[in-house]
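# Build the 3D model from these lines:
(one chain, ligands or ions: 1)
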Amino acid sequence: MSSSVAHDSNPNNLDALWKPFSANRQFKANPRMLVGAKGMYYTSHDGRQVLDGTAGLWCVNAGHCNDHIVSAVQAQVARMDYSKAFQMGHPAEFELAARLVATTPGDLDHVFFGNSGSEAVDTALKIALAYHRLRGEGSRSRLIGREKGYHGVGFGGISVGGMVNNRKFFGPMLSGVDHLPATYSREHQAYTRGEPDWGVHLADDLERLVGLHDASTIAAVIVEPVSGSAGVLIPPKGYLKRLREICDKHGILLIFDEVITGFGRLGATFGAEYFDVLPDIMTTAKGLTNGTVPMSAVFVRKHVYEAFMDNSPEGAIELFHGYTYSGHPLACAAGLATLDVYRDEGLFDRAAAMAPYWEDAAHSLKGTKNIVDIRTIGLVAGIEMEPRPGAPGARGHEVFTKCYEAGVLVRATGDIIAASPPLIIETHEIDKLFETLGRIIGEVD
Ligand SMILES: Cc1ncc(COP(=O)(O)O)c(C=O)c1O
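Numbers count the residues shown, from 1 in each chain. Got it, this is the predicted structure:
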């Protein structure tokens with residue numbers, strides 16, 4: 001049957017697609033296309049090898065097109081493409097859940113699957129609200145996020161998030177949300193390696209919010225252990241512990257959004273382990289499947305899961321929430337194979353062992369023209385440049401595009417360059433990444 005609508009099948013027609021978080025008109029005028037990937041490298045459309053300094057978008061922690069993960073997904077799609085998610089099950093989702101909770105700290109021993117970090121955040125916020133209601137504390141409906149926080153793009157995530165452009169276009173969002181102050185101060189923290197000494201007192205702002213709203217109205221606090229998207233903001237020493245103490249004192253749930261910090265990024269399985277602070281709920285995605293198939297996982301502690309099981313009638317659905325693709329067979333196959341690779345290649349320990357070399361290489365750029373701060377933790381670096389007068393973000397974008405042309409992929413958030421490579425990176429690749437970045441920052445006006 002022929003269609004009455006004429007379709008232009010020319011692959012060089014870039015018009016139809018609306019790219020996410022991208023300057024579409026600028027991109028289409030000079031597109032950067034990737035056509036292949038293996039290990040630490042992308043292949044660009046013009047046949048160049050581009051060093052992946054960002055693990056895709058902080059997700060390809062085991063490197064690209066890992067043979068074991070690729071084969072597992074290929075085998076699964078041929079065996080069973082999709083399994084009905086509600087009121088039915090398939091073995092791989094249970095196996096993945098069991099293997100995952102064996103890697104989480106404390107009693108974070110139940111897991112709910114979604115497809116993206118944004119969905120994980122919405123899921124976590126909804127679990128927190130329903131948890132209090134089921135326990136007879138339904139007045140606890142307020143959610144506390146943090147300025148400069150990034151929790152994805154759902155209405156829940158942008159409500160508790162604190163990145164202005166992600167919020168200001170989209171109306172009033174969720175009601176009953178308040179924010180802690182951001183933890184970054186260049187004056188007190190510039191060029192810190194790891195956690196800054198200054199800033200633990202900022203956690204005490206939670207006491208102020210409790211004083212303002214009363215604990216009986218507050219359901220949960222959500223923070224990223226390390227903020228990635230806002231430009232690599234590392235928590236001050238003792239800050240997360242202090243938040244935990246204040247939450248405990250007032251019966252408030254603590255949610256860690258570990259979409260970036262989960263699965264080895266800091267050289268530990270999770271940020272909760274790295275910082276030795278146990279949240280009640282933990283969101284993860286990205287590295288969960290090595291970015292191969294979309295998937296997210298929300299971990300909850302025993303008392304959270306049991307509140308749902310104990311306070312719902314026998315035979316009733318305990319949580320009216322879920323996605324068509326929760327626990328998708330392909331994602332589960334990717335997740336299981338990814339966990340094999342992390343374990344067999346010891347990648348989280350490798351990241352920890354490589355972190356000092358990474359830190360030295362990043363901080364060697366200190367003194368380069370326009371750089372005003374360098375922040376590092378695990379295999380993450382944020383390199384902040386002074387914005388061009390009247391053109392915030394322009395310098396960052398130029399550095400990003402010039403690095404790409406020079407064969408290195410980094411990420412620009414405004415004028416902050418973030419680097420977060422696959423955990424398989426070698427020292428000569430770390431050298432190449434920071435040498436290229438330093439040279440280009442030095443060349444750009
Ligand atoms: C901390 C955090 N939460 C949530 C998200 C959203 O994840 P997704 O883009 O998969 O929805 C991200 C994405 O970068 C993130 O860094």
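# Now do the same contact list for the closest residue to the ligand within the chain.
Closest approach between the chain and the ligand, counting by CB to the nearest ligand atom: G117, at 2.2 Å. All C-beta spots, glycine's among them, are computed from the backbone N, C-alpha and C. When contacts are counted by CB atoms under 8 Å, 6 or more residues apart in numbering, G117 touches H151, G152, D257, V259, T283, A285, K286, S296.
# what two of those have the greatest distance between them?
Greatest spatial distance among the contacts of G117 (CB to CB): H151 and K286, at 13.4 Å.
# one step back: so how far is G152 from the residue of the chain closest to the ligand?
5 Å (CB to CB, to the nearest Å).
# Which residues are in contact with each of those two?
In contact with both G117 and G152: V259, using CB under 8 Å, 6+ apart.
# Just the CA atoms of the helix or strand hosting H428, as PDB, please.
Using DSSP states H and E, H428 sits within helix 427-443. Taking Å, rounded to 0.1, in the frame of the first residue of the first chain, the C-alpha atoms of helix 427-443 are listed here in PDB:
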ATOM      1  CA  THR A 427      46.600   6.300  31.900                       C
ATOM      2  CA  HIS A 428      47.700   7.300  28.400                       C
ATOM      3  CA  GLU A 429      44.100   8.100  27.600                       C
ATOM      4  CA  ILE A 430      43.800  10.200  30.800                       C
ATOM      5  CA  ASP A 431      46.900  12.100  29.600                       C
ATOM      6  CA  LYS A 432      45.400  12.600  26.100                       C
ATOM      7  CA  LEU A 433      42.100  13.800  27.600                       C
ATOM      8  CA  PHE A 434      43.600  16.500  29.800                       C
ATOM      9  CA  GLU A 435      46.400  17.500  27.400                       C
ATOM     10  CA  THR A 436      43.800  18.100  24.700                       C
ATOM     11  CA  LEU A 437      41.400  19.900  27.100                       C
ATOM     12  CA  GLY A 438      44.200  22.100  28.500                       C
ATOM     13  CA  ARG A 439      45.500  23.000  25.100                       C
ATOM     14  CA  ILE A 440      42.100  23.900  23.800                       C
ATOM     15  CA  ILE A 441      41.100  25.900  26.800                       C
ATOM     16  CA  GLY A 442      44.400  27.800  26.400                       C
ATOM     17  CA  GLU A 443      43.600  28.500  22.700                       C
END
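# Go ahead and measure how far that helix is from the middle of the chain.
24 Å (CA atoms, centre = their mean, to the nearest Å).
# Residues in contact with that helix: which ones?
Against helix 427-443 from outside (CB under 8 Å, 6+ apart): 40, 51, 53, 354, 357-358, 361-362, 364-365, 368-371, 383, 385, 399, 402-403, 406-408, 410, 417, 419, 421, 425.
# Generate a PyMOL selection restricted to the buried subset of those.
Command for PyMOL that selects the buried part of these, burial taken from 16 or more other CB atoms under 10 Å:
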select buried, resi 40+51+53+354+358+361+362+365+368+370+371+383+385+399+402+403+406+407+408+410+417+419+421+425
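# Strands - which of the contacts of helix 427-443 land there?
In strands, defined here by DSSP state E, the members of the contacts of helix 427-443 are L51, I371, I383, M385, V408, I417, A419.
# can you pull the contacts of the last one?
Neighbouring residues of A419 by CB under 8 Å, 6+ apart: G53, T54, A362, V380, A381, I383, V410, R411, L433, L437.
# Can you narrow these down to the ones near the ligand?
Applying CB under 6 Å from any ligand atom to the contacts of A419, one finds that nothing falls near the ligand.
# Inside helices: which ones of the residues you listed?
A362, L433, L437 (DSSP state H).
# Show me which of these is closest to D67.
Nearest to D67 among the ones in helices among the contacts of A419 is L433, at 24.5 Å by CB to CB.
# Could you check the pLDDT of that closest one?
L433 is assigned a predicted lDDT (pLDDT) of 98.
# higher neighbour count, H151 and K286?
More neighbours surround H151 than the other of H151 and K286, with 31 against 28 (other CB atoms under 10 Å).
# The more buried one: what secondary structure?
Following DSSP: H, G, I helix; E, B strand; the rest coil, we place H151 in the coil state.
# What values do phi and psi take at it?
phi -130, psi 40 (degrees, to the nearest 10).
# Kindly report the same for the one 4 residues further on.
For F155, the backbone dihedrals are phi -60, psi -30 (criterion: degrees, to the nearest 10).
# That's all I had, so thanks and see you.
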